[in-house]
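1. Build me a structure from this.
(4 chains)
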Protein chains: 2
Amino acid sequence: MAWNTAETKRRLKESATAEFAAHGLGGTTMERIARRAGINKERLYTYFGDKSKLFAAVLADELNKVAAAVPVEHLDGPEAVGAYAGAVFDYHAAHPELTRLLLWEGLLDLPQVPEEPARGETYRRKVEAFDRAQRAKLISDDIPAADLAFLVLALAGWWYAVPQMARMMHPGEPSTPASSRTALTRAATKLATPFTG
Amino acid sequence: MAWNTAETKRRLKESATAEFAAHGLGGTTMERIARRAGINKERLYTYFGDKSKLFAAVLADELNKVAAAVPVEHLDGPEAVGAYAGAVFDYHAAHPELTRLLLWEGLLDLPQVPEEPARGETYRRKVEAFDRAQRAKLISDDIPAADLAFLVLALAGWWYAVPQMARMMHPGEPSTPASSRTALTRAATKLATPFTG
DNA sequence: TCCAACTCCAACGTTTTAGTTGGAAACACT
DNA sequence: AGTGTTTCCAACTAAAACGTTGGAGTTGGA
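-> Residues are numbered from 1 along each chain as shown, chains lettered A, B, ... in the order given. Predicted coordinates:
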């Protein structure tokens, strides 16, 4: 069988992503990453350096995907903001491991995040889309664009951050993804709707 | 010096809370917990059992505090919901370690959370406060009470869940706690205001 | 075909960590 | 004071995890 460096690297990183997402930096072992990939542990060290470097590499690659996942082009009204929130929610549902990496990164509280410039750029574009819509009077401008964009992501992500809280808040019938999504899109729409009180 | 079991236990748990909040279950060592408390490691085992039991004990005690931290008695209008969100935000700011425990618990994804009945009861009371206010037509009822309460907590907690995202979203001048709080209370108020679009 | 460079792995050394043990000091009670 | 119990700790054991090494198989070019 032919050597295949690229494929080996890819499999190792895929495995590392899954393990780190499931157990975090402290709870993951290099041994398990290698075993899951079916490749010898030593490859991790020659390709990626030590454990924390590997973690940083995974974060850099995967979280760029998260940031770029659901692009916002044009927000032509509050409903578009609601739809955007729904799309972000769907992305979280489809890629829970990436969401978990994002949360783990937040808990590590690094002074600077890997790939911060590139990811910052992606987030900034989102903020700009909100800003443009506000200037065009298409959505409410009573919350600064950056905060509004951030809070919309908060609504979409909270279920994945604290699932145990969601469980405890719904005593009788547990909430379904569908009912959560409905509440979410409505909430995001409302945030983007001007106060007419 | 006299023995003092209660004080020893208290100091160990205080230390464990700080360490677990900072590094999570996997990233914390029993050795460090003991050293921080200035007490021998062996005491941890006789008093609390093994590491995961200690973690569960910390979660149970501390997260009961979080749940009960900011009681909601009477929500007499949308502004009261905004004020409540602000109070939750202030609580997070004053007790970041408890917020982090909550997030770490969420990432562990336990099938059942320690003290779930008691904590569930506390959350349920919050939901009931929202429900009463909706029935009395004091706040908007277009989002189910449980979801509305949950989403208000989402708005308040997201800054602490993903501080790195908050940083990246504010390129020029970083957001201040004060500006975040203003945006948050306004957003929560809007969620509780009926659609008059 | 020879050889240098590269890919991969089994086995190893070292450090760290969870968890235990034997014993000394303090207490409580008679 | 004497005796048994409890609190506490220094030192230890066993296992796990990080990271390395020596060598065998593979490639590609002179």
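
2. Quick check on residue A:40: phi, psi?
-> Torsion angles at residue A:40 (phi, psi; degrees, to the nearest 10) stand at phi -70, psi 140.

3. I'd guessed it sits against residue A:34; true?
-> Yes: the pair residue A:40 / residue A:34 is scored as a contact, 6.1 Å apart, by C-beta atoms under 8 Å. From N, CA and C alone the C-beta is placed, and that goes for glycine too.

4. neighbour-wise, which of those two wins?
-> Remark: of residue A:40 and residue A:34, residue A:34 carries more neighbours, 20 against 13, as counted by other C-beta atoms under 10 Å in any protein chain shown.

5. need the contact list for the nearest residue to that one once chain neighbours are set aside.
-> Distances taken as C-beta to C-beta, 6 or more residues apart in numbering or on different chains place residue A:41 nearest to residue A:34, at 4.0 Å, with adjacent residues excluded. Contact analysis of residue A:41 by C-beta atoms under 8 Å, 6 or more residues apart in numbering or on different chains lists A:30, A:31, A:33, A:34.

6. which two in these are spaced the farthest apart?
-> Maximum pairwise distance among these (C-beta to C-beta): 7.3 Å, between A:31 and A:33.

7. Those two - which one has more neighbours?
-> The neighbour comparison of residue A:31 against residue A:33 (other C-beta under 10 Å) goes to residue A:33, with 25 against 10.

8. now for the helix or strand hosting that one, which elements pack on it?
-> Take DSSP states H and E as the rule and residue A:33 turns out to sit in helix A:30-37. Other elements packing on helix A:30-37 under the criterion 3 or more C-beta pairs under 8 Å, 6 or more residues apart in numbering or on different chains; DSSP states H and E are helix A:5-27, helix A:41-48, helix A:51-69.

9. That helix and DNA strand D, any residue contact?
-> Yes: using C-beta under 7 Å from any atom of the strand, we find that helix A:30-37 touches DNA strand D at A:30, A:31.

10. how much does that helix deviate in direction from helix A:5-27?
-> Here the directions of helix A:30-37 and helix A:5-27 differ by 140 degrees (axes from the mean of the first three to the mean of the last three C-alpha atoms, to 10 degrees).

11. before we move on, the earlier item: could the helices and strands packed on helix A:30-37 go into TSV alongside mean pLDDT and distance to residue A:156?
-> Converted to TSV, those look like this (pLDDT from 0 to 100; distance: least, C-beta to C-beta, whole Å):
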stretch	mean pLDDT	distance to residue A:156
helix A:5-27	96	18
helix A:41-48	96	31
helix A:51-69	90	11
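
12. how about CSV for those, with distance to residue B:9 added?
-> Below are the helices and strands packed on helix A:30-37 laid out as CSV (distance: least, C-beta to C-beta, whole Å):
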stretch, distance to residue B:9
helix A:5-27, 25
helix A:41-48, 41
helix A:51-69, 34
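
13. circling back to that earlier point, ok, the contacts of residue A:41 vs residue B:82, which is closest?
-> Nearest to residue B:82 out of those is residue A:33 (C-beta to C-beta; 45.8 Å).
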